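K.L.:
here's my sequence, what's the structure:
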Amino acid sequence: MKAQQPMARRRDSAASADLFAAPAGPAGPLEVVRDVVLLRGFAAPGAALLAEVERVARAAPFRHLETPGGGRMSVAMTNCGPLGWVSDRSGYRYSPTDPLSGKPWPAMPAVLLDLARRASRAAGFGDFEPDACLVNRYEPGARMGAHQDRDEGDLAQPIVSVSLGIPAVFEWFGERRSGASQRLLLHDGDVLAWGRSARLGYHGVRRIEAAEHPLTGASRINLTFRRARP
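P.N.:
Coordinates of the predicted model:
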């Protein structure tokens, strides 16, 4: 897929590029870097999605996971689907059960599964059958450091990431965790999908700034769909 327009210019001596100059509002797929595709407003309006997130959170409440190094993640999370991503001192992994309750994670709501499938096709990645949906809740001050999504058993499947609520600045580092990044301001309803040559790209979310959204208040909800099983 070819980019519809230039997105950002790297600054040779700077730590990061300017924010991608993608227009706001619904638009066609826009390849921001190779095999990283933005679908502006694809998930808007998000009221039905957020209602399902609330149902998931009632069954499996949001929590701040412990990292293998003993720290505490600033982002609160939960999961839905056959598998859920978890972290503790023993490492990162997928589990069929919620470690808090010992019960299976809530089933992935049909409206969420349908969104992930449609977004994958719209972004040019074809059929997608996610079996895990990681639900992250960002409050002001929360962030996500640069990392790869590499715990999945099928790296041929893309990652589909949905933003709901207050804005966030997404950073794409690519093959290396350190060095210059490219930044993309994500709004409510935006979907970002990456795969193929970008599947193991390093990415993160900069510290969330204080803001308000009519449906989520002072928070951002991120849905990350993955195929965890081989």
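
K.L.:
F128 reaches L115, doesn't it?
P.N.:
No - in terms of CB atoms under 8 Å, F128 does not count as a neighbour of L115; the distance is 10.6 Å. Glycine gets a C-beta too; all of them are placed from N, C-alpha and C.

K.L.:
do a quick rundown of the helices in the protein.
P.N.:
47-59, 110-122 (DSSP state H).

K.L.:
quick check: V86 touching L100?
P.N.:
No - applying CB under 8 Å as the test, V86 and L100 come out as separate, 9.7 Å apart.

K.L.:
more neighbours: those two, which one.
P.N.:
For V86 versus L100, neighbours defined as other CB atoms under 10 Å are more numerous around V86 (22 against 11).

K.L.:
which residue, other than its chain neighbours, is closest to the more buried one?
P.N.:
The shortest distance from V86 to any non-neighbouring residue, by CB to CB, 6 or more residues apart in numbering, is to S95 (5.1 Å).

K.L.:
that neighbour: what's it in contact with?
P.N.:
83-84, 86 (CB atoms under 8 Å, 6 or more residues apart in numbering).

K.L.:
ok, W85 next?
P.N.:
Here W85 is in contact with 77, 79, 92-94, 132, 134, 151, 226, 228 (CB under 8 Å, 6+ apart).

K.L.:
again with C133
P.N.:
So C133 contacts 79-81, 108, 112, 116, 223-226 (CB under 8 Å, 6+ apart).

K.L.:
what about those residues, which are in strands?
P.N.:
79-80, 223-226 (DSSP state E).

K.L.:
now, which of these sits nearest R196?
P.N.:
R226 (15.1 Å; CB to CB).

K.L.:
separation between the spatially most central residue of the chain and S101?
P.N.:
The centroid of the chain falls nearest to S161 when counting by CA atoms, centre = their mean (3.5 Å). Applying CB to CB, to the nearest Å, the value for S161 to S101 is 26 Å.

K.L.:
same thing with A146?
P.N.:
Distance, A146 to S101, using CB to CB: 31 Å.

K.L.:
so which of those two has more stuff around it?
P.N.:
Neighbour count, other CB under 10 Å: between A146 and S101, A146 has more, with 17 against 11.

K.L.:
okay, that one: pLDDT?
P.N.:
pLDDT for A146: 96.

K.L.:
ok, and the closest non-adjacent residue to it?
P.N.:
Nearest non-adjacent residue to A146 (CB to CB, 6+ apart): G204, at 4.2 Å.

K.L.:
does that neighbour touch E171 like I think?
P.N.:
Yes - the pair G204 / E171 is scored as a contact, 4.9 Å apart, by CB under 8 Å.

K.L.:
which one of the two has more residues nearby?
P.N.:
Between G204 and E171, counted using other CB under 10 Å, the more crowded position is E171 (21 against 16).

K.L.:
specify the beta-bridge partners of that one.
P.N.:
Beta bridges link E171 to R183, G204 when assigned by DSSP bridges.

K.L.:
R183 versus that one, what's the distance?
P.N.:
Counting by CB to CB, the gap from E171 to R183 is 5 Å.

K.L.:
what about this protein, any weak spots by pLDDT?
P.N.:
For the chain, the stretches flagged by pLDDT under 70 are 1-27.
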